[in-house]
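Enquirer: Give me coordinates for this.
(2 chains)
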Number of protein chains: 2
Amino acid sequence: MSYQGEQHPGVAPAASQTQGFRLNHTMLRVKDPERALAFYSKVFGMRVLRRLDFEEMQFSLYFLANVEESDHVPEETQARTAWTFSQKGLLELTHNWGTENEQDFAYHDGNAEPQGFGHICFSVPDLEAAQAWFDEHDVTFVKRADQGKMKDVVFVKDADGYWIEVIQADRMAGMGD
Amino acid sequence: MSYQGEQHPGVAPAASQTQGFRLNHTMLRVKDPERALAFYSKVFGMRVLRRLDFEEMQFSLYFLANVEESDHVPEETQARTAWTFSQKGLLELTHNWGTENEQDFAYHDGNAEPQGFGHICFSVPDLEAAQAWFDEHDVTFVKRADQGKMKDVVFVKDADGYWIEVIQADRMAGMGD
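Expert: Just a heads-up that it's a prediction; the model follows:
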């Protein structure tokens, strides 16, 4: 029997009808796909699994993932598309055509008012190495690992200003104690 | 060698410094954790891997996942915490204490202006069964599979009004053609 989870007010048992449900992706709108793809591919090592263009509605979608050796991504397009939508933890970037040419256009990060969405988070093997890597690419820090109340937690901004948390799993074991 | 991804303007090769990077979670603020946990556990079958309370800063974090048989979640708390932060595709819900008692308080969904974050997306084994399951729980639909221009794509709202896309992977194979 799989792990049933912590019990807190509101939590109901997982029903058999939800078997196979997976959190496939999170969608963020980006102003300039070239700039956003440069950031996520170079700095975070993500690959584009699939771009989908919607001519009639004037937008494109980019589905990104950190591909691991064990992933066996299908090369053939339709098989790769179906594979993409069966995975966990992808990032979808939406580009509404033309926004890259509007000088004052910017998306809302969700941390300024009105608040809602907060951030995405990457787990990395070595937090200090990651910080040095971000510095090498002139990434904007919200906070470094040794700053603020939450030690060992890094926040940077992506190319559109969305916040990205960066953590090292084995250093989070005592978090919240 | 692992899949190198589609080439589009901006895309750079994945550097060795990014090896082991994983998209661990997406964070959404929720007004009432009891209501949000009821929704995500009952309707989407998610389990609470870990709640972390921050007394000084007056907030709690809930890390949720769809646990699969093959996951082998550690029971012991510190091991489970480290395990949680090494996974892909988790949902983090942030509760700033007291918001649940403010009558007019609501978070911003990112789809009304100002736009930014769009949605999270669940992949499910059977889209019609999922729709029936949502109806059974009086979930609010943004669109059903047979509505709008994007067939086979469902959008519902969570307890805070954030949009959730729901798809069936094998029906997405021809998407964008």
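
Enquirer: Report the next helix or strand after the lengthiest helix in chain A in sequence order.
Expert: Determined from DSSP state H, the single longest helix within chain A is helix A:127-136. Downstream of helix A:127-136, the first helix or strand assigned by DSSP states H and E is strand A:141-143.

Enquirer: which stretches of chain A form strands?
Expert: Using DSSP state E, the strands found in chain A span residues A:22-29, A:47-54, A:59-65, A:90-96, A:117-123, A:141-143, A:154-157, A:163-167.

Enquirer: Redo these as TSV? Include mean neighbour count, distance to chain B and mean pLDDT.
Expert: C-beta: built from backbone N, CA, C; applies to glycine. Shown next, in TSV, are the strands of chain A (neighbours: other Cβ atoms under 10 Å in any protein chain shown; distance: least, Cβ to the nearest Cβ, whole Å; pLDDT from 0 to 100):
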stretch	mean neighbour count	distance to chain B	mean pLDDT
strand A:22-29	24	4	98
strand A:47-54	19	3	97
strand A:59-65	22	7	98
strand A:90-96	22	6	98
strand A:117-123	24	3	98
strand A:141-143	15	13	98
strand A:154-157	22	11	98
strand A:163-167	21	6	98
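
Enquirer: Adding distance to B:V73, write those strands out as CSV.
Expert: Shown next, in CSV, are these (distance: least, Cβ to Cβ, whole Å):
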stretch, distance to B:V73
strand A:22-29, 15
strand A:47-54, 27
strand A:59-65, 23
strand A:90-96, 22
strand A:117-123, 16
strand A:141-143, 29
strand A:154-157, 25
strand A:163-167, 18
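
Enquirer: Torsion angles phi and psi at the residue nearest to A:L37 when sequence neighbours are not counted?
Expert: Closest residue to A:L37 apart from its sequence neighbours, by Cβ to Cβ, 6 or more residues apart in numbering or on different chains: B:G10 at 3.7 Å. Phi and psi for B:G10, reported as degrees, to the nearest 10, are phi 100, psi -30.

Enquirer: Quick check: B:G10 touching A:V43?
Expert: No. With contact defined as Cβ atoms under 8 Å, B:G10 does not reach A:V43; the gap is 11.9 Å.

Enquirer: Neighbour count for those two, which is higher?
Expert: The neighbour count for B:G10 versus A:V43, taken as other Cβ atoms under 10 Å in any protein chain shown, is higher for A:V43 (25 against 19).

Enquirer: List the contacts of that one.
Expert: Contacts of A:V43 were listed using Cβ atoms under 8 Å, 6 or more residues apart in numbering or on different chains, and they are A:133-134, A:137, A:139, B:18.

Enquirer: separation between it and B:L23?
Expert: Distance, A:V43 to B:L23, by Cβ to Cβ, to the nearest Å: 13 Å.

Enquirer: So of the contacts of A:V43, which two are at opposite extremes in space?
Expert: Farthest-apart pair in the contacts of A:V43 is A:V139 and B:T18; separation 12.4 Å (Cβ to Cβ).

Enquirer: Against B:F44, how distant is the nearest residue to A:N24 once chain neighbours are set aside?
Expert: Distances taken as Cβ to Cβ, 6+ apart place B:S123 nearest to A:N24, at 4.2 Å, with adjacent residues excluded. From B:S123 across to B:F44, the span is 11 Å (Cβ to Cβ).

Enquirer: show me where pLDDT drops low in chain A?
Expert: A:1, A:177 (pLDDT under 70).

Enquirer: can you do 90?
Expert: The model of chain A has pLDDT under 90 over residues A:1-4, A:69-70, A:149-151, A:173-177.

Enquirer: What's the local residue count around A:D146?
Expert: Neighbour number of A:D146 under other Cβ under 10 Å is 10.

Enquirer: which of the residues in stretch A:101-114 are buried?
Expert: A:107-111 (16 or more other Cβ atoms under 10 Å in any protein chain shown).

Enquirer: Farthest pair within these?
Expert: Spatial extent of the buried residues of stretch A:101-114 (Cβ to Cβ) is set by the pair A:Y107 and A:N111 at 12.1 Å.

Enquirer: hmm, back to that, residues in contact with the residue nearest to A:N24?
Expert: Contacts for B:S123 (Cβ under 8 Å, 6+ apart) come out as A:21-22, A:24, A:85-87, B:167-169.

Enquirer: 6 Å - rerun?
Expert: Going by Cβ atoms under 6 Å, 6 or more residues apart in numbering or on different chains, B:S123 touches A:22, A:24, A:85-86, B:167, B:169.

Enquirer: Tell me the one of those residues nearest A:E6?
Expert: When the contacts of B:S123 are compared for distance to A:E6 (Cβ to Cβ), A:R22 wins out at 20.2 Å.

Enquirer: out of the contacts of A:V43, which are buried?
Expert: For these, a burial check counting by 16+ other Cβ under 10 Å picks out A:133-134, A:139, B:18.

Enquirer: Please identify the one among the residues you listed that lies nearest to A:R50.
Expert: Closest approach between the buried ones among the contacts of A:V43 and A:R50, by Cβ to Cβ: B:T18, at 19.8 Å.

Enquirer: That closest one is in contact with A:G45, isn't it?
Expert: Yes. B:T18 is within contact range of A:G45, at 2.6 Å (criterion: Cβ atoms under 6 Å).

Enquirer: Now for A:A169: which residues touch it?
Expert: So A:A169 contacts A:123, B:82, B:85-86 (Cβ under 6 Å, 6+ apart).
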